[in-house]
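> curious how this folds, go ahead:
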Amino acid sequence: MTRLLVRGQVHTFDPARPLASNVLLSDGVVEAVDSDIRQDVDTLELDPGDILQPGWRDDHIHLLSTLASRCSFDLSNADSVSHLLERLSCALPGGNGWIRAWGYEASSLVERRHPTSHELDRTTRGVPTVLHDRTGHVAVVNTAAARALGIQSQTDGVLVEREDILDRTPTLAVADLKTAAEELFSEWRRGGLVAITDATHTNDVKAVDLLANIAETCGAPRITAMVGVDRLDGFRYGEIRRGIQVGHAKVMPDVQGVTDLGRLVRGAHEEGFPVAIHVMDIDTLEQALLALEASRSPINTVDRLEHCSLALPEQLDRIRKLGVLVCTQPSFLSYRLDKYLNELSDVEHNWLWPLRSLIKRDIHVTFSSDSPVVPADPDEWIEAAISRPLGSGEDVTKDAAKKMAAVSTITPGLAADMLVIANNHGCRPVTGWD
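Numbering: from 1, shown residues only. Okay, here's the model as predicted:
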């Protein structure tokens, strides 16, 4: 047995004992907090100003999309369709012969719309081209790409939630994704991000195996991967598959609103999976709550609501009664403030991205980025949660925000590679990523 006593300033994020003077690690796992052991144990003395704390967890991310965005031509600074096209004229095709661009947001363009395939044709020189918007839910293809994908009848080239079509585009090279991952994981390590949950609704056996292949890259955080609710064959909830933990069954309601959420939730529960339902508006939240009320999750599991960006007070009461977890993204308030000011009413601003109302009801809340939509930056989540630009009644304390961003409290049984030492020069793990 290998034991290590870490002594110094310890922030546990545990309300019962927020501060401690030491943590005893045994074979890479927390054995005790504030241990009185003094002999026959190696000791690590923290430097003045260092703080030992739990690492951060991004509890809703899209890793493959995030890596793909880093392998794509960046259009995130485009402020109009003409500016977007001007920028796009500089893009070069990748090794697969296609131009792949990413990052624009229609609501941030002067025209407040997506470009069309015919507009793309004017600047892409006949090279098959696909543009992904920042949300990942919309893509635009030019005529050459539409022809290659077999969708010549698609007049404007705008594809909303059409993974069935976009899956036909040439894939990025795994080597390129790994190169992007090495850089990304290094950034996360410096920021203290030690665990992520991939919440992609198209995850299947092939996607999870690709995540595992990439995770073998030096410096990968711990990864939990949700699986598409219609792609559960070959998986067991909670199993470890090549180092990737299999998570919830992800439910993505369709844009037409005809998805039978009740059937999908019930089917996942019967397969032994709790569900994670994508919820971005009040109507979808209502359908999700009805589905969850009609079918309880398997024993020792907890269902989730992803985003929960708009909710009525009475819906929050039902969430509490169900005992489900809410994973939310407070930094959307910073990155999408103009959109919310322009498109939502004053009343809706008070219901937007609730936080204080959730924790007041003892609802378990976790933070995340939804990367690549916004950066995986826990400092930004925490700052947005405590100093909200909208709905000031939903702000929370810094301690509460940190707890929602942390992977766990420092308690016996926590893995040592979930702990980081934070100082003025960033974060570094205790073990695991050294």
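> okay, CA-based contacts and neighbour counts for the rest of this
Will do.
> which strand or helix spans residue 84?
For residue 84, the element it lies in under DSSP states H and E is helix 81-88.
> same question for residue 376.
Going by DSSP H and E, residue 376 is not in any helix or strand.
> centre of the chain to the least confident helix or strand in the chain by mean pLDDT, how far?
Least confident helix or strand of the chain, by mean pLDDT, DSSP states H and E, is strand 426-429 with a mean of 76. Offset of strand 426-429 from its chain centre (CA atoms, centre = their mean, to the nearest Å): 21 Å.
> let's number from 22 now, not from 1
In the new count, where the first residue is 22, that last one comes out as strand 447-450.
> what lies in contact with the helix holding residue 105?
With CA atoms under 8 Å, 6 or more residues apart in numbering as the contact definition, helix 102-109 has outside contacts at 94, 96, 99, 122, 125, 130-132, 135-136, 140-141, 144-145.
> who does the least confident helix or strand of the chain touch, helix- and strand-wise?
On a contact count with 3 or more CA pairs under 8 Å, 6 or more residues apart in numbering; DSSP states H and E, strand 447-450 meets helix 195-211, strand 440-444.
> among those, single out whichever gets nearest to residue 45.
Of all those, it is strand 440-444 that lies closest to residue 45, at 12.2 Å by CA to CA.
> returning to that earlier point: check which residues of the helix holding residue 105 are buried.
Neighbour-count burial for helix 102-109, counted by 16 or more other CA atoms under 10 Å, picks out 102, 105-106, 108-109.
> and the average pLDDT for that helix is what?
Averaged over helix 102-109, pLDDT sits at 95.
> cool, stretch 352-359 as well?
90.
> same question, stretch 236-255
93.
> quick one, strands of the stretch 72-221 of the chain?
Ranges of strands within the stretch 72-221 of the chain are 72-75, 77-82, 94-95, 120-125, 150-154, 159-162, 179-181, 214-219, based on DSSP state E, counting those that start in this stretch.
> in JSON lines: those, plus mean neighbour count, distance to residue 430 and mean pLDDT.
Formatted as JSON lines, the strands of the stretch 72-221 of the chain follow (neighbours: other CA atoms under 10 Å; distance: least, CA to CA, whole Å; pLDDT from 0 to 100):
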{"stretch": "strand 72-75", "mean neighbour count": "26", "distance to residue 430": "6", "mean pLDDT": "94"}
{"stretch": "strand 77-82", "mean neighbour count": "26", "distance to residue 430": "11", "mean pLDDT": "98"}
{"stretch": "strand 94-95", "mean neighbour count": "20", "distance to residue 430": "38", "mean pLDDT": "94"}
{"stretch": "strand 120-125", "mean neighbour count": "23", "distance to residue 430": "35", "mean pLDDT": "94"}
{"stretch": "strand 150-154", "mean neighbour count": "24", "distance to residue 430": "36", "mean pLDDT": "95"}
{"stretch": "strand 159-162", "mean neighbour count": "23", "distance to residue 430": "38", "mean pLDDT": "94"}
{"stretch": "strand 179-181", "mean neighbour count": "16", "distance to residue 430": "40", "mean pLDDT": "91"}
{"stretch": "strand 214-219", "mean neighbour count": "26", "distance to residue 430": "14", "mean pLDDT": "97"}
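> domains of the chain?
Taking automatic domain parsing as the domain assignment, the ranges for the chain are 24-75+441-450, 77-85+194-426, 95-187.
> right, so of those domains, which gets closest to residue 432?
Nearest of these (CA to CA): domain 24-75+441-450, 6.7 Å.
> tell me the phi and psi of residue 421?
Backbone torsions of residue 421, given as degrees, to the nearest 10, read phi -70, psi -40.
> redo the strands of the stretch 72-221 of the chain as TSV? Include distance to residue 270.
Converted to TSV, these look like this (distance: least, CA to CA, whole Å):
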stretch	distance to residue 270
strand 72-75	27
strand 77-82	13
strand 94-95	31
strand 120-125	27
strand 150-154	25
strand 159-162	22
strand 179-181	22
strand 214-219	11
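> nearest to residue 377, of these?
For residue 377, the closest of these is strand 77-82, at 18.9 Å, according to CA to CA.
> how far does that closest one sit from its chain's centre?
Going by CA atoms, centre = their mean, where strand 77-82 is centred and where its chain is centred differ by 5 Å.
> cool, and stretch 384-392?
So, by CA atoms, centre = their mean, the centroid of stretch 384-392 is 8 Å from its chain's centroid.
> that stretch - what's its average pLDDT?
97.
> which parts of it are buried?
Under the neighbour-count criterion of 16+ other CA under 10 Å, stretch 384-392 has 384, 386-392 buried.
> got it, and stretch 390-410?
Here stretch 390-410 shows 390-407, 409 as buried, counting by 16+ other CA under 10 Å.
> looking at those residues, which are in strands?
Per DSSP state E, strands hold no members of the buried residues of stretch 390-410.
> and these, which of them are in helices?
The helices, defined by DSSP state H, take in 399-407 from the buried residues of stretch 390-410.
> just read off the phi/psi values of residue 31.
Dihedral angles of residue 31 (phi, psi; degrees, to the nearest 10) stand at phi -120, psi 120.
> would you check that it makes contact with residue 75?
No: counting by CA atoms under 8 Å, residue 31 sits too far from residue 75 to count as a contact (9.4 Å).
> re the thing from before, which among the strands of the stretch 72-221 of the chain is found nearest to residue 379?
strand 77-82 (16.9 Å).
> list the contacts of residue 374.
328-332, 349-351, 354, 415.
> redo that, cut-off 6 Å
Counting by CA atoms under 6 Å, 6 or more residues apart in numbering, residue 374 makes contact with residue 330.
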